[in-house]
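>>> quick one, what's the 3D model for this:
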Amino acid sequence: MTVLALDLSSKTGWAYGDTATANLPAFGEWRMPTGGLPGRFHGLRNCLIEFLEKHPVGTVVIEAPLPLAAMNNVAAAHQQLGMRAIVMAEALGVAATISEIDCWTVRSEVMGLRRCSRDIAKKEAVRFCLRRGIKVPGDDAADAVLIWLWHRGRMQRGRPYDGPLFENLNFV
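Coordinates of the predicted model:
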C-alpha cells in the first residue's frame, strides 16, 4: 500500500513509498510561500495536488496537530488546523484513506525517545535518520520519515506494538 506521510508546517516534510515492499520511503520538504496563512494554504494545496497527480496514494498519514492549549497562539492553531483540512480534502479527492498520529507516539515507538523539549526531539529525529543513512534535508522531512516508518511497522505487525520499532525494521 502506498503511503504519504506528512509533517505539516511552514516547511512541510513528506515521505512516500509502498509500505509492503519498500524499506525506506522517498522523502523531502515543501517550502510554503510567505504571505501569511492564505499563501501557505495555497502553497500546500498546490504541492499536494501536484504530488497526488504524479503518485498513487492509498493512505495519507499526518502528524496530528498539538492540542489547542499547547499551540501557544491563535496563528499556530489556524495554520495547523487549516493545513490539516486541506490535506483531508485532497486525500478525499483521490479516495485515499487518512489518519493521523501524534509526534510523541511516533518518536517513542520508532526511536524509543520519551518526552523532551521540541528542539531536542527535532534534533534527535534528524540524528536518528542520519545514523541509518537516511539523508533527510531537515527536521520536517525527518518527522515525515518517522511517521512513514511508524505506519509501516504497524501495518506489518497488524497490531499495536510495544517498544521501539527500529530494532525490528529492515533498513537498507
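>>> in this structure, which spans are helices?
Under the criterion DSSP state H, the chain contains helices at 36-54, 74-93, 103-106, 118-131, 139-157.
>>> any idea which of those gets closest to V61?
V61 lies closest to helix 139-157 among those, at 5.0 Å (CB to CB). (Glycine included, C-beta is placed from N, CA and C.)
>>> give the contact list for L4.
Taking CB atoms under 8 Å, 6 or more residues apart in numbering, we find L4 in contact with 14-16, 51, 55, 57, 59-61, 96.
>>> return the set of buried residues in stretch 19-28.
For stretch 19-28, a neighbour-count test (16 or more other CB atoms under 10 Å) marks 19, 24-25, 27-28 as buried.
>>> so where is the chain shaky, pLDDT-wise?
Low-confidence segments of the chain (pLDDT under 70): 68-71, 158-172.
>>> and the longest strand for it?
Ranked by residue count, the top strand of the chain under DSSP state E comes out as strand 11-18.
>>> wait, T2 sits on L52?
No - T2 is beyond contact range of L52, at 10.8 Å (criterion: CB atoms under 8 Å).
>>> distance from the centroid: which residue in this structure tops it?
G35 (23.6 Å; CA atoms, centre = their mean).
>>> measure it to H42 for me?
Distance, G35 to H42, by CB to CB, to the nearest Å: 8 Å.
>>> same deal with R115?
From R115 across to H42, the span is 34 Å (CB to CB).
>>> who touches D7 in this structure?
D7 makes contacts with 13-14, 62-63, 140-141, 143-144, 147, as judged by CB under 8 Å, 6+ apart.
>>> between the helices of the chain, which gets nearest to S9?
helix 139-157 (5.6 Å).
>>> out of the contacts of D7, who's nearest R84?
Of the contacts of D7, the one sitting nearest to R84 (CB to CB) turns out to be I62, at 6.5 Å.
>>> my read: the closest one touches L8, true?
Yes - with contacts counted by CB under 8 Å, I62 reaches L8, the gap being 6.1 Å.
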